[in-house]
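[1] coordinates for the following, if possible.
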Amino acid sequence: MAASPGRTLAPAVEAPVPQPEVHIPDPGSDSRAGRLSFCTKVCYGIGGVPNQVASSATAFYLQLFLLDVAQIPAAQVSLVLFGGKVSGAAADPVAGYLINRSRRTGSGRLMHWVLGCTPFIALAYFFLWFLPSFTSLRGLWYTTFYCLFQALATFFQVPYTALTMLLTPSPKERDLATAYRMTMEMAGTLMGAAVHGLIVSGAHSPHRCDDAELQGPVTVSPDATRLYSIAAAAVAVTYPVCSGLLCLGVKERPDPSDPASSQGMSFLAGLGLTVRHPPYLNLVISFLFISAAVQVEQSYLVLFCTHASRLHDHVQSLVLTILISAVLSTPLWEWVLQRFGKKTSAIGICVMVPFAILLAAVPIAPVAYVVALVSGMSIAVSLLLPWSMLPDVVDDFQRQHQHGPGMETIFYSSYVFFTKLSGAGALGISTLSLEFAGYEAGACEQAEQVVVTLKVLIGAMPTCMILIGLCILMVGPAPKVPSQDTSRRLSLRRRTSYSLA
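    So this is what the prediction gives:
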């Protein structure tokens with residue numbers, strides 16, 4: 001703080017001086033005031049489970065539910081998916097703006113946002129999987145509740161992740177709390193796909209078509225709607241349970257930078273600066289393609305297994321194989337990132353390309369399991385890599401522009417904003433292609449054009465997007481690695497600042 005009067009010479013001389021004042025007390029405070037108990041870290045990690053459980057279930061099964069159980073046209077499904085993703089993207093800067101300007105209450109500055117969203121997001125998720133009695137307005141029903149769910153999930157996740165900064169003043173303890181959160185969220189991702197998939201597996205049994213004509217839609221059985229309602233209730237109940245444990249086990253500390261955070265740069269102003277930074281622009285554009293490819297691969301795997309191959313009985317096992325492979329390979333990719341560098345590690349994303357094409361050409365069970373295993377590894381590095389590259393981009397930007405604290409939040413939130421928009425466009429356009437191919441909702445057997453379209457969506461489309469994204473990433477400018485002293489100051493700035501921008 002004392003370095004603020006200097007503009008040119010002062011930062012070089014005075015910047016290291018405040019470091020002992022901030023860093024030295026922290027290790028000492030770890031032993032008492034700054035140390036988090038095991039119970040606190042576990043309860044904090046549990047708070048991140050519900051969103052991951054729900055996101056995993058919707059990523060793999062929502063499209064199948066809308067097409068084959070709700071039986072709404074593919075064009076309307078496209079609108080549902082696009083509208084929901086856009087609402088989630090738009091909610092990111094809005095949530096940051098509103099939460100940043102909210103007043104502190106008895107439960108803290110962030111906790112009441114998490115608790116306030118909990119009942120509404122649980123209801124929105126349940127009704128997202130509910131089959132109303134009317135048929136003419138089902139598309140509007142699911143668009144409304146998917147948009148509500150995505151927006152509320154954002155308003156739940158933003159204060160929850162920001163709560164890390166208010167758990168303790170110790171960076172080491174915050175890192176441990178983040179590790180607990182990541183572990184619990186991985187468990188939640190597995191649990192969401194496993195629990196939801198096991199419950200609804202009977203609704204998509206191939207034997208449901210034995211007594212029906214192959215042409216035309218099959219009447220939805222009451223068992224199918226009941227199974228989806230049970231699965232929705234099982235996931236929805238995790239929100240109040242986990243939020244309650246979060247509230248009981250975690251105490252939010254007062255924000256020492258509260259006055260300064262209210263003066264942080266606005267999202268739009270910060271966005272104008274960040275998009276003009278070449279390394280950031282290169283990173284965002286490349287992962288717009290890569291993240292969209294991953295979302296398309298996830299969304300169409302179940303549909304492909306159901307309608308374009310004889311893999312009905314393997315859907316649940318294939319989904320779990322992908323997720324388990326992603327979780328177990330994450331530590332390996334962490335080592336590869338450290339050992340061989342980040343751009344070199346990006347090559348791991350394209351490992352899934354030949355296997356995805358192979359699955360589209362030879363859709364048999366042994367090939368499918370190999371593809372699922374390799375796809376899980378590629379998905380892991382595609383999720384890990386941008387979050388490990390963003391700090392380098394932020395460091396490079398801060399060294400060049402010397403802006404105050406809070407800019408890193410704009411980098412992260414705008415990255416999420418852009419990737420959600422890319423996912424919305426990719427899923428919306430790809431689902432619309434099913435409508436043009438003649439997809440018949442609820443039919444036991446689809447036309448040959450639909451089968452070909454599903455093969456393109458599971459093989460050629462992700463392949464092209466991944467290769468384009470990787471080419472942009474490899475060719476584009478990379479952030480310069482800062483010196484040891486500069487890196488230390490930038491790390492200090494990130495750790496001691498808190499702004500939701």
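
[2] could you pull out the strands for the stretch 251-400 of the chain?
    Here the stretch 251-400 of the chain has no strands by DSSP state E, counting those that start in this stretch.

[3] all helices for it, in order.
    258-261, 267-274, 278-307, 315-340, 342-345, 352-361, 365-401 (DSSP state H, counting those that start in this stretch).

[4] same question for the stretch 101-250 of the chain.
    Under DSSP H, counting those that start in this stretch, the stretch 101-250 of the chain gives helices at 111-128, 138-162, 171-200, 222-236, 238-249.

[5] average model confidence for the longest one?
    To tie it back to what came earlier, the one meant is helix 171-200. Averaging pLDDT along helix 171-200 gives 83.

[6] please apply the same query to stretch 269-288.
    So the average pLDDT for stretch 269-288 ends up being 85.

[7] same check, this time on stretch 330-338
    On average, stretch 330-338 scores 83.

[8] what bits of this structure have low per-residue confidence?
    1-34, 100, 105-108, 204-220, 254-267, 402-409, 480-501 (pLDDT under 70).

[9] how many neighbours does A187 have?
    Neighbourhood size, A187 [other C-beta atoms under 10 Å]: 17. Glycine gets a C-beta too; all of them are placed from N, C-alpha and C.

[10] enumerate every residue touching it.
    The contact partners of A187, by C-beta atoms under 8 Å, 6 or more residues apart in numbering, come to V49.

[11] could you rerun that using 10 Å?
    For A187, the contacting residues are 45-46, 48-49, 52-53, 327, by C-beta atoms under 10 Å, 6 or more residues apart in numbering.

[12] gap between it and S229?
    According to C-beta to C-beta, to the nearest Å, A187 stands 24 Å off from S229.

[13] can you check R174 too?
    40 Å.

[14] now do A95
    Distance, A95 to S229, by C-beta to C-beta: 29 Å.

[15] again with F38
    37 Å.

[16] ok, I357 next?
    Distance from I357 to S229, by C-beta to C-beta: 38 Å.

[17] also S388?
    Per C-beta to C-beta, S388 is found 40 Å from S229.

[18] repeat for L457
    Counting by C-beta to C-beta, the gap from L457 to S229 is 29 Å.

[19] next one: M474
    The span separating M474 from S229 equals 47 Å under the rule C-beta to C-beta.

[20] apart from its neighbours in sequence, what residue is nearest P132?
    Spatial nearest neighbour of P132, chain neighbours left out: W141 (5.6 Å); criterion: C-beta to C-beta, 6 or more residues apart in numbering.

[21] neighbours of H307, just the number please.
    H307 has 21 neighbours, counted by other C-beta under 10 Å.

[22] contacting residues for it?
    When contacts are counted by C-beta under 10 Å, 6+ apart, H307 is found next to 64, 67-68, 434, 439, 443-446, 450-451, 453-454.

[23] so C247 sits right up against G116, yeah?
    No - applying C-beta atoms under 10 Å as the test, C247 and G116 come out as separate, 11.4 Å apart.

[24] and the two? which has more neighbours close in?
    For C247 versus G116, the count of surrounding residues by other C-beta under 10 Å is larger for C247: 19 against 16.

[25] now the contacts of H307 in CSV, with distance to W333 and neighbour count?
    Formatted as CSV, the contacts of H307 follow (distance: C-beta to C-beta, whole Å; neighbours: other C-beta atoms under 10 Å):
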residue, distance to W333, neighbour count
L64, 29, 22
L67, 34, 24
D68, 35, 23
L434, 33, 27
Y439, 36, 23
A443, 41, 22
C444, 41, 18
E445, 40, 14
Q446, 37, 19
V450, 36, 23
V451, 34, 17
T453, 32, 24
L454, 29, 27
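
[26] would CSV of those residues with distance to C464 and secondary structure be doable?
    Formatted as CSV, these follow (distance: C-beta to C-beta, whole Å; DSSP: H, G, I helix; E, B strand; the rest coil):
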residue, distance to C464, secondary structure
L64, 24, helix
L67, 24, helix
D68, 27, helix
L434, 18, helix
Y439, 22, coil
A443, 29, strand
C444, 31, coil
E445, 29, coil
Q446, 23, coil
V450, 20, helix
V451, 20, helix
T453, 15, helix
L454, 16, helix
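
[27] can you list the helices of the stretch 101-250 of the chain in CSV and add distance to G348?
    What follows is the helices of the stretch 101-250 of the chain, written out as CSV (distance: least, C-beta to C-beta, whole Å):
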stretch, distance to G348
helix 111-128, 33
helix 138-162, 26
helix 171-200, 18
helix 222-236, 31
helix 238-249, 32
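
[28] which among those helices is found nearest to L470?
    helix 171-200 (24.6 Å; C-beta to C-beta).

[29] in the closest one, what counts as buried?
    The neighbour-count check on helix 171-200 (16 or more other C-beta atoms under 10 Å) flags 171, 173-174, 176-178, 180-181, 184-197, 199-200 as buried.

[30] follow-up on the earlier one: now for the contacts of H307: which two are most distant?
    Based on C-beta to C-beta, the longest span within those runs between C444 and T453 and measures 17.6 Å.

[31] next up, phi/psi of Y439, please.
    Y439 has phi and psi values of phi -60, psi 130 when expressed as degrees, to the nearest 10.

[32] for Y180, see how far away it is.
    From Y439 to Y180 the distance is 43 Å (C-beta to C-beta).

[33] and for T463?
    37 Å.

[34] what of Y97?
    From Y97 to Y180 the distance is 29 Å (C-beta to C-beta).

[35] can you check S414 too?
    From S414 to Y180 the distance is 27 Å (C-beta to C-beta).

[36] wait, what's in contact with L373?
    Residues near L373 by C-beta under 10 Å, 6+ apart: 318, 321-322, 324-326, 329, 352, 355.

[37] quick one: which of those is nearest to T344?
    Once C-beta to C-beta is applied, the member of these that ends up nearest T344 is S329, at 16.3 Å.

[38] does that closest one touch G376 like I think?
    Yes - assessed by C-beta under 10 Å, S329 is found in contact with G376 at 6.6 Å.

[39] am I right that L36 is in a helix?
    No - counting by DSSP: H, G, I helix; E, B strand; the rest coil, L36 is located in no helix; its state is coil.

[40] tell me how far the nearest residue to it once chain neighbours are set aside lies from R104.
    Closest residue in space to L36, ignoring its immediate chain neighbours: E173 at 4.9 Å, by C-beta to C-beta, 6+ apart. E173 sits at a distance of 22 Å from R104 (criterion: C-beta to C-beta).

[41] which residues touch S329?
    336, 348, 373-374, 376-381, 384.

[42] buried ones among those residues?
    Going by neighbour count (16+ other C-beta under 10 Å), those have 336, 348, 373-374, 376-381, 384 buried.

[43] from these, which is closest to L421?
    I379 (19.9 Å).

[44] buried residues in stretch 154-172?
    Quick answer for stretch 154-172 (16+ other C-beta under 10 Å): 154-171.

[45] span of it from start to end?
    Taking C-alpha to C-alpha, to the nearest Å, stretch 154-172 runs 27 Å from one end to the other.

[46] cool, stretch 40-52 as well?
    Using C-alpha to C-alpha, the two ends of stretch 40-52 sit 20 Å apart.

[47] same check on stretch 335-345?
    10 Å.

[48] please work out which residues outside that stretch touch it.
    With C-beta under 10 Å, 6+ apart as the criterion, stretch 335-345 contacts 329, 333-334, 346-348, 381, 384-386, 388-389, 392, 470, 473-474, 476, 478-479.
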